[in-house]
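Student: give me a 3D structure for the following:
(chains A and B)
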Amino acid sequence: MLRFLVRRLIGVVAILLVVSGITFYLFFAASGADDVVRLSCGRNCTPEMREVVRQNLGLDKSLIEQFWIFISGIFTGRTIGDKACDAPCLGYSFANNENVFDKLADRFPVTLSLAIGAILLCTTIGIGMGVLAALKRGKTTDKVTTGVALLSGSAPIYVLGPLFIYVFVQQLGWLDRPTDPPSFFGDPGGWASALLLPWICLMTIHMAMYCRLTRSTMVDVLSEDYVRTLKAKGLSGRSVYLKHAFRGALSPIVTVLGVDIGVLMSGTIITESTFSLHGIGMLAVTSVVDSDLPMMMGVVMVAATFTMLANLAVDMAYAAIDPRVRLS
Amino acid sequence: MRLRRGAATSPAPSEASTKPTTAATSTDATVSDEQAREQDMAAGTDTTDGTPSLVKQRDSSPSGDRPDAFLSVRDLQVHFSTEDGVVKAVDGLTFDVEKGRTLGIVGESGSGKSVSSLTILGLHNRERTRIEGEIRFDGHELVKMPERKLRDLRGRRISMIFQDPLTALSPFYTVGEQIAESYRRHTGANRHDAHARAIEMLDRVGIPNPKTRVNDYPHHFSGGMRQRAMIAMSLVCDPDLLIADEPTTALDVTVQAQILDLLRDLQDEFGTAILFITHDLGVIASMAHDVLVMYAGRSVEKGTVREVLKNPRHPYTWGLLSSMPNLSGDVDIPLRPVRGTPPSLLAPPSGCPFHPRCDYVDTVGGDRCSTERPPLALVDGRGAACHLSAEDKQRIFIDDVRPLLG
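Tutor: Coordinates of the predicted model:
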């Protein structure tokens, strides 16, 4: 298991290197250098000044050298122009005069909070509904459950978000208007109430997939021969369904969950924009609008890292769920 | 060993949890039946119906006469509602199984063998299945028994060995966990005792190094070992009735022989009643005491294994026998399969369900075969559901069928 983990972690690092290389190339080589110089130099910039800035930032060096400086900066820190950038240094945003890593670290708790709440809600409710529908297959409970899932999954968040704000915040006053949450450790109640509405929106949309996936895989598993064996052993329905059949249905659910975690952790652009939450997703939008290339680079790295880590977690989960995967 | 089996065969349907130890009644008769059976099978000699009458009286009984049989199925009907209509999977099935005896049920795919066995355990979806008739097991009526009570019987007093041990074992838990789970469910044993019991059971079914293999997953086991594990699982609570649904079909012949030996030994040891379902007449010959031939959800012939295999009286049984190759026979004798295909159970043929495939409809004459359903008239537990007269059956068998059997 340890060897597997180490091997996979090396793989993650390698792929991150490739991803950063490609983004680096696209941003800096294809379009970026001149923009960076212009932004750092300010309005009244003479060609001589531009050249000084260019040298300060190391933009006169070859692309490979620049990439090497970028990568080594992550581990050792570096100085960009006259700005000190401590390790881990992901670059410096000249557009906003901010250290990229510090900005990401500042924004990340919002995204993390949003993701954790949404995932917990939509997995418990979605999987629960799916199991229920599978057990009551063909009956009213099944039809109602799958109907609700179909309906809830078909509304996009930019429709659902304003609608929910209008109904639950403005009309009924049940929920608070979503804001950037306070720290969970200082004020857990405030943290939850600040994000409850976006969680419910994300849950409404994402649970549909969990519900339908759980239902269909559970139905498949329940028709397996070994489920019949379990019944022939005299096991109770709860043991057959929850201990055995659900475990069989878990692998595909975990697969989808891994993808969702990766997506949510790297910033839900539309959700954050809809509710004006200042997370990674919002940061991605503003950095694109501002042509803030170092920041975009940082966002891409965050997204890539979490997607990779989520996938790694899924692979580990497979082995935990299904012993047939645990082969050397 | 044979003597021991004779002893264990004694009918002792008293207290189910206590295993029959020894009882001398009718030992001689059983042994003679055993020996005769062995001789028949070994030498391939042909004996016509010459079993001692004592054996016949023990073997089985005219339908309805033996409410005290250990497992007694009476006029069982199992109908499934499907989108296309009602499938009459089992249609009026009657049989008995005594403790320590093995009843073999033979028939083609779709003849209702497995359906009847699943019905005994109540494993059908009750909403889509209509079950009528009576299944009495040691005094309990199973058809109308509530699911909760039935669950207590399953795995403890009646257990089942399924056909394909690869798919019938859960891939997610170790073999030991699956054996122990059944034991804990029915005895309330703690985890440690159940684990020890699982090791003991694996040892008993002949798995080497049971202490380490108990922690293996089914996919670490070979096919034969998986079936042994399955048998260990089904025997963990010392059941009184074992239903083996084609337990050796997925296995190669050497492993098959080992598994059959194992089942026979376990039956000798515990006096378990076995319901053995198969389409393999060779397996029936070496395993069963009595045979029930099923066709289209009905029993078409019944008798002891010698009677049915050596002097069959139903055209379908003739067909089954003559479609089986004989290794010691003449290679030039062609195999003659039963022509046609098994009937649709949505709309079974009128009259005798076998008549569209039967070569002897004209011998019976008239339209009796297509209009009148022949009853399974049992005399001393022996009979065949066919309109042919006894003389015709004897003549056709000796003239037409026996030469083909080599």
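Student: tell me who's in contact with the spatially most central residue of chain B.
Tutor: The centroid of chain B falls nearest to residue B:276 when counting by CA atoms, centre = their mean (2.6 Å). Residue B:276 is in contact with B:102, B:103, B:104, B:105, B:244, B:247, B:283, B:284, B:287, B:288, counting by CB atoms under 8 Å, 6 or more residues apart in numbering or on different chains. Where you see a C-beta, it was placed from the backbone N, CA and C, and this is true even at glycine.
Student: same check, this time on residue A:260
Tutor: A:119, A:122, A:206 are the contacts of residue A:260 under CB under 8 Å, 6+ apart.
Student: please apply the same query to residue B:117.
Tutor: B:105, B:160, B:243, B:245, B:275, B:277.
Student: and the residues you listed near chain A, which?
Tutor: residue B:160 (CB under 8 Å from any CB of the partner chain).
Student: which of the contacts of residue B:117 sits closest to chain A?
Tutor: residue B:160 (4.5 Å; CB to the nearest CB).
Student: hmm, residue A:232 and that closest one touching each other?
Tutor: Yes. Applying CB atoms under 8 Å, one finds residue B:160 in contact with residue A:232, separated by 4.5 Å.
Student: and the strands in the chain?
Tutor: Chain wasn't specified; assuming chain A. For chain A, the strands defined by DSSP state E occupy A:78-80, A:83-85, A:92-93, A:98-99.
Student: switch to chain B, please.
Tutor: B:71-82, B:85-97, B:102-106, B:129-137, B:140-141, B:158-161, B:241-245, B:273-278, B:290-295, B:298-304, B:383-384.
Student: counting by contacts, list what the first one packs against.
Tutor: Applying 3 or more CB pairs under 8 Å, 6 or more residues apart in numbering or on different chains; DSSP states H and E, one finds that strand B:71-82 makes contact with strand B:85-97, helix B:113-121, strand B:129-137.
Student: who does the longest one pair up with?
Tutor: So that's strand B:85-97. For strand B:85-97, the paired strands and their directions (DSSP bridges) read strand B:71-82 (antiparallel).
Student: what residues of the strand it pairs with count as buried?
Tutor: For strand B:71-82, burial by neighbour count (16 or more other CB atoms under 10 Å in any protein chain shown) applies to B:71, B:72, B:73, B:74, B:76, B:77, B:78, B:79, B:80.
Student: where does the stretch 201-350 of chain B get nearest to chain A, residue-wise?
Tutor: Counting by CB to the nearest CB, the stretch 201-350 of chain B gets nearest to chain A through residue B:217 (4.6 Å).
Student: returning to that earlier point: which one's more surrounded, residue B:160 and residue A:232?
Tutor: residue B:160 (29 against 26; other CB atoms under 10 Å in any protein chain shown).
Student: in the sheet, who's paired with that one?
Tutor: Beta-bridge partners of residue B:160, as defined by DSSP bridges: residue B:243.
Student: nearest spatial neighbour of residue A:324, chain-adjacent residues omitted?
Tutor: residue B:219 (5.3 Å; CB to CB, 6 or more residues apart in numbering or on different chains).
Student: Provide a list of residues in contact with that neighbour.
Tutor: Contacts of residue B:219 (CB under 8 Å, 6+ apart): A:323, A:324, B:171.
Student: could you give the number of residues near the nearest residue to the first one once chain neighbours are set aside?
Tutor: Distance criterion CB to CB, 6+ apart; nearest residue to residue A:323, sequence neighbours excluded, is residue B:217 at 4.6 Å. Other residues lying near residue B:217 total 20 when counted by other CB under 10 Å.
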